[in-house]
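Participant: Need the 3D shape of this:
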Amino acid sequence: MIKIHSKNVADTEVLLYLPAKDAETFSIGEALSLGADGLTKCAATTRPMYLCRGEKRTDGTMPVGAVMESTYYEVPYTAKPTVGTRVTLHTDGLQVTNTTTNGVFFVESVDEENGVAIGKFDFVMGAGAGA
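Facilitator: Modelled structure (predicted):
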């Protein structure tokens, strides 16, 4: 699960309720993008627009928080990434890998004891597809 590690602003993150794809299931903390047919799990090389913040509601909407440039995230990894690299999302949308080709998450530090990478999602244009 992707969690907020720290923020550079004191404001509380606003929850948005956006339409979710009918045939898809979601997990809290999952990286999401928004397409014409609703929220969907992010591809490995697509910077997430939102993180899932709760269960899909009966009206088909789901609470999400926007991925912010001012926020540091704590993300579990499948294989330890290298500090200072941009890595891809895992196929589950809940973790990162140590793959650097078209990476979208910039690793600032690694907490090996807890198995998480700490960093930011890349807002640099051209860094990863969909950035």
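Participant: Please make it C-alpha for all contacts and neighbour counts, starting now.
Facilitator: Will do.
Participant: Let me see the contact set for the residue nearest in space to the middle of the chain.
Facilitator: Geometric centre of the chain, nearest residue: Ala31, 3.6 Å, by Cα atoms, centre = their mean. Ala31 is in contact with Ile2, Lys41, Cys42, Pro48, Met49, Tyr50, Leu51, Cys52, Gly93, Leu94, counting by Cα atoms under 8 Å, 6 or more residues apart in numbering.
Participant: do that again at 6 Å, thanks
Facilitator: Cys42, Pro48, Leu51, Gly93 (Cα atoms under 6 Å, 6 or more residues apart in numbering).
Participant: of the residues you listed, closest to Arg86?
Facilitator: Proximity of the contacts of Ala31 to Arg86 (Cα to Cα) peaks at Pro48, which lies at 13.9 Å.
Participant: just the strands in the protein please.
Facilitator: Ranges of strands within the chain are 3-7, 15-19, 31-35, 38-41, 50-52, 61-66, 71-76, 86-87, 105-111, 116-121, based on DSSP state E.
Participant: Output the below-cut-off pLDDT ranges for this structure.
Facilitator: By pLDDT under 70, the low-scoring segments of the chain are 1-13, 124-131.
Participant: Please parse it into its domains.
Facilitator: Here the domain parsing of the chain from automatic domain parsing is 3-66, 71-121.
Participant: what's the offset of the shortest one from the middle of its chain?
Facilitator: Taking the mean of its C-alpha atoms, domain 71-121 sits 10 Å from the chain's own mean (Cα atoms, centre = their mean, to the nearest Å).
Participant: got the end-to-end distance for that domain?
Facilitator: Distance across domain 71-121, first residue to last, is 9 Å (Cα to Cα, to the nearest Å).
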